[in-house]
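Trainee: give me coordinates for this.
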Amino acid sequence: MLSPRHEQKIMSTITYRRLARMLTSLHPESPVHCQSDRPMDLRSVPLDQDAIFYDYVVYKGTRYYSSRAVGTNCASLVGVYMTCSGITHIQCGELLELFEFDEGKRGSPIWVAHMRWFRKWDGPREAVWDEL
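Mentor: From the prediction side, this is the model:
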């Protein structure tokens, strides 16, 4: 369930470019490009910059806030179980934005969680962390 409070606005440049890249990778037969860019494919259509942004989502009884909507990442940290090649692991990150994007003629609206994924640190660290 998405928050009842929402706002229609223009996506940031980073979000806009990442969405175009994601949609093109998911649907290579109908590529899209940013309005300010030259299309790399003759079939490519310009992508709309508007989206509906939400403050939070409730999933399995837990509320996850978009850090860009509330201004802090305290309630925006999530852990997601992911399976790759039959191996399940947990991937942790910060929920930056939640938005709904209407693809128009290409299909129905999609809901997107823009994430900043954390990476495991394998470099040098103090021994105090070994116990945790």
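
Trainee: now stretch 114-132: mean pLDDT?
Mentor: Stretch 114-132 carries an average pLDDT of 82.

Trainee: helices of this protein, residue ranges please.
Mentor: Taking DSSP state H, the helices of the chain run over residues 13-26, 67-70.

Trainee: need these in CSV with distance to Gly61, can you?
Mentor: Glycine gets a C-beta too; all of them are placed from N, C-alpha and C. Shown next, in CSV, are the helices of the chain (distance: least, CB to CB, whole Å):
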stretch, distance to Gly61
helix 13-26, 28
helix 67-70, 19
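
Trainee: need the contact list for the residue minimising distance to the centre of the chain.
Mentor: Closest to where the C-alpha atoms of the chain average out (CA atoms, centre = their mean) is His114, at 1.8 Å. Neighbouring residues of His114 by CB atoms under 8 Å, 6 or more residues apart in numbering: 15, 18, 95-99.

Trainee: mind checking which of the residues you listed are buried?
Mentor: If you count burial by 16 or more other CB atoms under 10 Å, the buried members of the contacts of His114 come out as 15, 95-99.

Trainee: find the nearest non-adjacent residue to the residue nearest to the centre of the chain, please.
Mentor: Glu97 (4.1 Å; CB to CB, 6 or more residues apart in numbering).
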